[in-house]
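K.L.:
Give me coordinates for this.
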Amino acid sequence: MFILGRLLEALATVLYLVLNLYLWIVIIRALLSWVNPDPYNPIVRFLYSITDPVLNVIRRRIPVFFGGIDFSPLIVILVIYFLQIFLVQSIRDIAYQLLR
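P.N.:
Down below sits the predicted model:
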């Protein structure tokens, strides 16, 4: 059970880091929407290609209210925080139970 516990602990750590990285990518994408970035810039294209699939799913389900304000980045950030608190911590708790 030691190996499985360590594997779950490593999985939780990697998942936390990936979610944290994606959180910052979504924040940067939201900040870029306030300015008019060059759509041909490779960094901007990368950010759009990484975030558009997730944001578009939310945009289809939740219409834009309040004068065109897009709440989809905020919802993605809340979902990421939920996954970090619930999923990652649950995996860590299971790993710690196996390591006892």
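K.L.:
And for Val26, the neighbour number?
P.N.:
Neighbourhood size, Val26 [other C-beta atoms under 10 Å]: 23. (C-beta placed from N, C-alpha, C; glycine too.)
K.L.:
Just to check, Asp91 is in contact with Leu8?
P.N.:
No Asp there; residue 91 is Ile. Yes. Contact status for Ile91 versus Leu8: in contact at 5.5 Å, counting by C-beta atoms under 8 Å.
K.L.:
okay, and the common contacts of these two?
P.N.:
Residues touching both Ile91 and Leu8 (C-beta atoms under 8 Å, 6 or more residues apart in numbering): there are none.
K.L.:
The helix or strand harbouring Ile28 packs against which elements?
P.N.:
Element membership of Ile28, judged by DSSP states H and E, is helix 2-32. Of the remaining helices and strands, those touching helix 2-32 by 3 or more C-beta pairs under 8 Å, 6 or more residues apart in numbering; DSSP states H and E are helix 42-61, helix 72-82, helix 89-99.
K.L.:
what is the mean pLDDT for it?
P.N.:
Average pLDDT, helix 2-32: 95.
K.L.:
Same check on stretch 57-69?
P.N.:
For stretch 57-69, mean pLDDT is 80.
K.L.:
Just the buried positions in it, please.
P.N.:
Across stretch 57-69, burial judged by 16 or more other C-beta atoms under 10 Å covers Ile58.
K.L.:
can you dump the C-alpha coordinates of that stretch into CSV?
P.N.:
Taking C-alpha atoms only, stretch 57-69 is exported to CSV below (Å, rounded to 0.1, in the frame of the first residue of the first chain):
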residue,chain,number,x,y,z
VAL,A,57,-18.8,25.3,-23.1
ILE,A,58,-19.7,27.6,-20.3
ARG,A,59,-20.7,30.4,-22.7
ARG,A,60,-23.1,28.1,-24.4
ARG,A,61,-24.8,27.2,-21.1
ILE,A,62,-24.8,30.7,-19.5
PRO,A,63,-25.8,33.7,-21.6
VAL,A,64,-24.1,37.0,-21.3
PHE,A,65,-25.8,39.4,-18.9
PHE,A,66,-25.3,42.9,-17.6
GLY,A,67,-24.3,44.8,-20.7
GLY,A,68,-22.1,42.2,-22.3
ILE,A,69,-19.9,41.1,-19.3
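K.L.:
Sounds good, over and out.
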